[in-house]
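Asks: next comes the sequence, and after it the predicted model I'd like to discuss.
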Amino acid sequence: MATIDTVRTILHDNLDVDPETVTEETTFESLSIDSLDMVELICALEDELGIDFGEPEGLTNVGELVVYVDDLVAKK
């Protein structure tokens with residue numbers, strides 16, 4: 001499964017975000033994702049993909065998150 005699809009699924013399952021509205025350009029702000037929601041998203045990604053997310057800064061949209069996660073998976 002592509003990383004963006006994993007993100008879409010987690011956003012839908014955990015935060016009730018319609019997967020059809022999520023593209024790489026979608027900002028977290030436009031999805032009304034606050035810092036607590038972001039922590040929930042990160043924890044779910046760590047569990048799902050078996051990665052240690054670390055302390056990312058400056059991620060503002062789904063595309064940036066996908067690139068960050070793909071890099072972590074490649075280093076795993």
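Replies: Thanks, I have it.

Asks: could you count how many residues lie near Thr23?
Replies: By other CB atoms under 10 Å, 11 other residues sit near Thr23. All C-beta atoms are positioned from the backbone trio N, CA, C, and that covers glycine.

Asks: just to check, Thr60 is in contact with Thr27?
Replies: Yes - applying CB atoms under 8 Å, one finds Thr60 in contact with Thr27, separated by 5.7 Å.

Asks: which one of those two has more residues nearby?
Replies: Between Thr60 and Thr27, Thr27 has the larger neighbour count (other CB under 10 Å), namely 13 against 10.

Asks: report the contact partners of Lys76.
Replies: Residues counted as contacts of Lys76 (CB atoms under 8 Å, 6 or more residues apart in numbering) are Gly50, Ile51.

Asks: where does it land on pLDDT?
Replies: If you check Lys76, the pLDDT there is 79.

Asks: same thing with Glu57?
Replies: Value for Glu57, per-residue pLDDT: 83.

Asks: low-confidence stretches in this structure?
Replies: Residue ranges of the chain with pLDDT under 70: none are present.

Asks: where exactly do the strands run in this protein?
Replies: Using DSSP state E, no strands are found in the chain.

Asks: helices of that one, start to end?
Replies: 3-15, 35-49, 62-75 (DSSP state H).

Asks: pull out the buried positions in the second one.
Replies: Put plainly, it is helix 35-49. Going by neighbour count (16 or more other CB atoms under 10 Å), the buried part of helix 35-49 is Asp37, Glu40, Leu41, Ile42, Ala44, Leu45, Leu49.

Asks: try stretch 2-10
Replies: Those would be Thr3, Ile4, Thr6, Val7, Arg8, Ile10, for stretch 2-10 by 16+ other CB under 10 Å.
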